[in-house]
Structure formats: structure tokens, C-alpha cells
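>>> Here is my input, please return the structure:
(one chain, ligands or ions: 1)
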Amino acid sequence: MSGKAAEQFTAVVIGAGHAGLAASYFLSQRSIDHVVLERGEVANSWRRERWDSLRLLTPNWQSRLPGLRYEGADPDGYMTVPEVTEFIERFAKVCGAPVRAGVNVTSVRPVDDGYQMTTDRGEIAARAVVIATGACNQPALPPLRDAVPASVQQLTPFDYRDPARLPDGGVLVVGASATGVQLAAEIARSGRPVTLSVGEHTRLPRTYRGRDVLWWMDAAGVWDQRYDELDDLTRARRLPSPQLVGTPERTTLDLNALDSIGVGLIGRLAAIRDGRALFSGGLRNVFALADLKMNRLLGTFDEWARTNGRDGEADAPERFEATRVPASTRLQLDLGGGEIRAIVWATGFRPDYEWLDVPVVDQKGHLRHEGGVVDSPGLYALGLPVLRRRKSTFIYGIEDDARDVIDHLARYVAVRM
Ligand SMILES: Cc1cc2nc3c(=O)[nH]c(=O)nc-3n(C[C@H](O)[C@H](O)[C@H](O)COP(=O)(O)OP(=O)(O)OC[C@H]3O[C@@H](n4cnc5c(N)ncnc54)[C@H](O)[C@@H]3O)c2cc1C
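Next up is the predicted model:
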């Protein structure tokens, strides 16, 4: 091993979210010596990067990690952020993960027999490295935000905590995936006029035929679809998150629900010129496409129930009202005119690999990997969209992925003993 004198491990896991801890669980099972390096604390992103009212959109019975499952009294409820943090902390304790908190990895580079890491607490070397630093390290922001007039406050989901911290007046929420619809609803309920800019989106009812829609995704095998069986993996990895919210009432939060509480719907934000935000037209088509895809998925569930003799476990098939198209939609907003006082960019999230000095990140900032086996021997990843299965980024999805990836890692280090 070349480089400066470094503490040596067989494997290093970077990140102590649920993905890194799951990696540690399987490394320990195989008696592979390792350490988990975490720049903050266990479950750091749940402690620092989420808004106050957030609840998981996955039901409690899906809060399942290797060797730990939800055992509370409300399996169909949805965890609050403090509950998720506590759940992940408990997982770290139960699996005895060797976490070193407060250790920021600032560089990972290949050396003769593995990788050397520079951290703010010294040098560490390992034959194998698992990147579990998360898929959502930073808000993905469109460059056109630079043209927003200074009089309009701009927030990302990382800055947003609750509506009380917004200025009084109108708010434009850009993006209608899970984050955008949840924040639009909360801000509208605070009494502020909200306009939601809607592009391609994934519409889902909270419950279908009396069951949580995610029960159907699981039971019908949709979430287990493997990355190497999908027709268009690139597209599957970019799919917008579903318009879902976890509430005690199990309410559906689609565009019709938002329209009913007074949220104005407007097309995709296309440009900002001379202080005016310009939006695409064609909402009718955008809505029709989302409705079509939802109905196709519900049809898949019905077909699965029928052919597997499971119809008796659910209510009768149902179909939902098409997304209502506003009688007229605006194509422009004057951002300098005072109508809009704040913009919330709910335009997605992206990973951060600034610290990775291995040439495995493509031009779009995505890691090059095959099912979590990164394009550099001994380097692995977990927790990325459709890494090995559709469920890969969800808490519920990590067990199968982590087992597979650590199996590969174990074989890799074994032949190099
Ligand atoms: C708004 C939001 C809502 C979500 N809702 C759900 C849901 O309802 N259900 C569900 O199952 N999933 C949900 N997810 C998806 C997923 O469960 C979370 O994103 C989860 O945090 C991912 O876990 P992870 O372990 O992959 O990454 P993270 O939890 O982000 O953990 C990565 C860790 O790596 C650390 N790290 C990063 N870089 C470095 C470095 N250079 N050196 C040292 N440490 C580093 C970070 O501090 C962090 O603790 C949601 C995600 C978001 C953003």
C-alpha cells in the first residue's frame, strides 16, 4: 500500500445513514474488519436536511432494516423525522456498527492494493470501500435561478423548515414530486397564496382498493424488479418521486387535492427573463400522461391480484377522477411585481462526489456502476436510485441490496488475502 502512513482496514464504509449501517451489518456477519466513517452523526441527513413536518411516505411496516423491524402499535402509520432518526440510531446500536462520527472524508484515491482516504482526522487505507454517502446530498437547482430578482427569497428543501419562516405573500413552488406537493400543501394551509409549477410527475393514490398503494407495489413485485431486467434503466433511475405524503389520515395528495385547497397549477418553468418567469403550456397533456401511467400501474395491480387469487384480500378495483385541468393557466409571472415573495425549489436532489478522486463519475455527476459494483475494483456503492432494484433508495430496499453488494465485496477481498 503506498501513500502516507495510514490506519489500515479491509473495508471502509463512508456514511452512517441506513445504507452504510446495512453494509456494516453484512460486513460484520462475514467477520470482515471495517469502520464506518461519518462526517456528522448517525442518521445525519434526517437530523440536518429535512423539514419539520416531514413524515416518511412509506408505511411503518416497511420501516425494516436487516435484523430490525418496526414493532410498534401502528404498522400502517408513517414515521416522523425524530422517529426515523431514532429507528436508524437503534439499528446502529443493534448491529454494533463501528461508527466513527465527526470524520469527514475529503479524498478517496486508488493506491497499489486498494484505496487511501484523507479525512479531517488522518489517513485511512482499505482494500475495499463502500460509498454510502447518499443520493440526496444537495438540492438539484436549475441554473435559471440566478435570474430571479433579489426581492424574491429563494429556498431549497434543505433551507425550508416550516411556513412561518417564509415572508408573507405569494409563494412559487417549482416541482411537483413528493417534496413539491408536500411543501405546496403545507404552505397553502398557512394562508399564503401558492402556485405550483408542474412538469412530468408520478401520480399515485395513497390507498388503492383499501390498501396502502405501497402494499401493492410490494405485493405485485414492482419494487423487487431488478435493475438488469428493466427495459430502460436510465429512465427508471430518473423517475420523479411519487406524489405521496404520509399522514395519519392516509390522505391522497395529488394535483386535484392541491387544487381543492386553492393551490394554483402552472406549467413547467421554462425561463426567467427580465424578472418574468415563463412557463410551458400544455398542462392538459402533462396531466393526461400522469393519469395514464397511474391507471396502467393500477391495472397491473388488478391483473396481479386476479391471476394470483388475491382479489379477496382487497376491495373492488377503483378508478380515480382524471386530473382537473384549470379553465385557464397563466404562462408568465412577474417576479419583480410583489405577487411572488418566495420561491421554493423542489427540483430534486443529487449526490456529491467532490471528494472522490477516482475517475468513476460521469459528466452528469452519476457514479458509473453495475448494480453497486463501481467501475473501479474494490469500490462499491449503496443507496442510489434503482441500484439493484426499484426499491433501492428506500429504507425497505436496503437489505437485499446490501447483502448482494457485500457478497461481491467479500469475494473480492477473499481472493486478495
Ligand atoms: C425528503 C426525503 C424524503 C424521503 N422519504 C423517504 C421515505 O418516506 N421512505 C424511505 O424509505 N425513504 C425515503 N427517502 C429516501 C432515503 O431513505 C433517504 O434519502 C435516506 O436518507 C438515504 O439513506 P442513505 O444511507 O443512502 O443516505 P443518507 O441518509 O444521506 O446518509 C449518508 C451519510 O453519509 C454522510 N456523508 C456524506 N458524505 C460524507 C463524507 N465525505 N465523509 C463522511 N460522511 C459523509 C452523511 O453525513 C450522511 O449521514 C427520503 C429522502 C428524502 C430526501
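
>>> number of nearby residues for the closest residue to Ala257 other than its chain neighbours?
Spatial nearest neighbour of Ala257, chain neighbours left out: Thr251 (7.0 Å); criterion: C-beta to C-beta, 6 or more residues apart in numbering. For every residue, glycine as well, the C-beta is placed using N, CA and C. Number of residues near Thr251 (other C-beta atoms under 10 Å) recorded here: 15.

>>> ditto for Arg324
Count around Arg324 with other C-beta under 10 Å applied: 12.

>>> any idea how far Gln225 is from the ligand?
Relative to the ligand, Gln225 is positioned 17 Å away (C-beta to the nearest ligand atom, to the nearest Å).

>>> Identify the residues contacting the residue of the stretch 151-300 of the chain found nearest the ligand.
At 5.5 Å from the ligand, Thr179 is the closest residue in the stretch 151-300 of the chain, using C-beta to the nearest ligand atom. With contacts defined as C-beta atoms under 8 Å, 6 or more residues apart in numbering, Thr179 is in contact with Pro157, Ser241, Ala346.

>>> Following the chain past the helix or strand containing it, name the next helix or strand.
Assigned by DSSP states H and E, Thr179 falls within helix 178-189. For helix 178-189, the following helix or strand on the C-terminal side (DSSP H and E) is strand 194-197.

>>> so what's Ala125 up against?
By C-beta under 8 Å, 6+ apart, the contact set of Ala125 is Met1, Gly3, Ala6, Glu7, Gln8, Phe9, Val111, Gly114, Tyr115, Gln116, Met117.

>>> Please spell out the PyMOL selection for the buried subset of these.
The buried residues among the contacts of Ala125 can be selected in PyMOL (16 or more other C-beta atoms under 10 Å) with this line:
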select buried, resi 6+8+9+114+115+116+117
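
>>> Mind putting the contacts of Ala125 into CSV with distance to the ligand and secondary structure?
Shown next, in CSV, are the contacts of Ala125 (distance: C-beta to the nearest ligand atom, whole Å; DSSP: H, G, I helix; E, B strand; the rest coil):
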residue, distance to the ligand, secondary structure
Met1, 21, coil
Gly3, 18, coil
Ala6, 16, coil
Glu7, 15, strand
Gln8, 19, strand
Phe9, 15, strand
Val111, 18, strand
Gly114, 18, strand
Tyr115, 13, strand
Gln116, 14, strand
Met117, 9, strand
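
>>> What residues does the stretch 1-150 of the chain have near the ligand?
Contact residues, the stretch 1-150 of the chain versus the ligand (C-beta under 6 Å from any ligand atom): 14-20, 37-40, 44-45, 50, 56-58, 104-105, 132-134, 136.

>>> Now restrict those residues to buried residues only.
Among these, those classed as buried by neighbour count (16+ other C-beta under 10 Å) are 14-20, 37-40, 44-45, 50, 56-58, 105, 132-134, 136.

>>> which element is Met217 on?
Under the criterion of DSSP H and E, Met217 resides in helix 213-219.

>>> Alpha carbons of that helix, as CSV, please.
In CSV, the C-alpha atoms belonging to helix 213-219 read as follows (Å, rounded to 0.1, in the frame of the first residue of the first chain):
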residue,chain,number,x,y,z
VAL,A,213,-50.5,1.8,-2.6
LEU,A,214,-47.0,0.7,-1.5
TRP,A,215,-48.5,-2.6,-0.3
TRP,A,216,-49.5,-3.1,-3.9
MET,A,217,-46.0,-2.1,-5.2
ASP,A,218,-44.5,-4.6,-2.8
ALA,A,219,-47.0,-7.5,-3.2
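
>>> how near is the residue in the stretch 251-400 of the chain that the ligand sits nearest to to Asp259?
For the stretch 251-400 of the chain and the ligand, the shortest gap (C-beta to the nearest ligand atom) falls at Gly383, measuring 2.6 Å. Gly383 sits 35 Å away from Asp259, going by C-beta to C-beta, to the nearest Å.

>>> Up against the ligand, what does the stretch 301-417 of the chain have?
Residues of the stretch 301-417 of the chain lying near the ligand (C-beta under 6 Å from any ligand atom): Phe349, Trp355, Gly383, Thr393, Phe394, Ile395, Tyr396.

>>> redo that, cut-off 5 Å
For the stretch 301-417 of the chain, the contact set with the ligand under C-beta under 5 Å from any ligand atom comprises Trp355, Gly383, Phe394, Ile395.

>>> count of residues packed around Ile261?
Quick note: Ile261 (other C-beta under 10 Å) scores 12 neighbours.

>>> so it makes contact with Ala185?
Yes - applying C-beta atoms under 8 Å as the test, Ile261 and Ala185 come out as touching, 6.6 Å apart.

>>> Name the residue in Gly383 and Asp259 with the higher neighbour count.
Set Gly383 next to Asp259 and count neighbours by other C-beta under 10 Å: Gly383 wins out with 29 against 16.

>>> residues touching the residue nearest to that one when sequence neighbours are not counted, list them.
Leaving out its chain neighbours, the residue that sits closest to Gly383 by C-beta to C-beta, 6+ apart is Ala19, at 3.5 Å. By C-beta under 8 Å, 6+ apart, the contact set of Ala19 is Ala132, Gly134, Leu382, Gly383, Ile398, Ala402.
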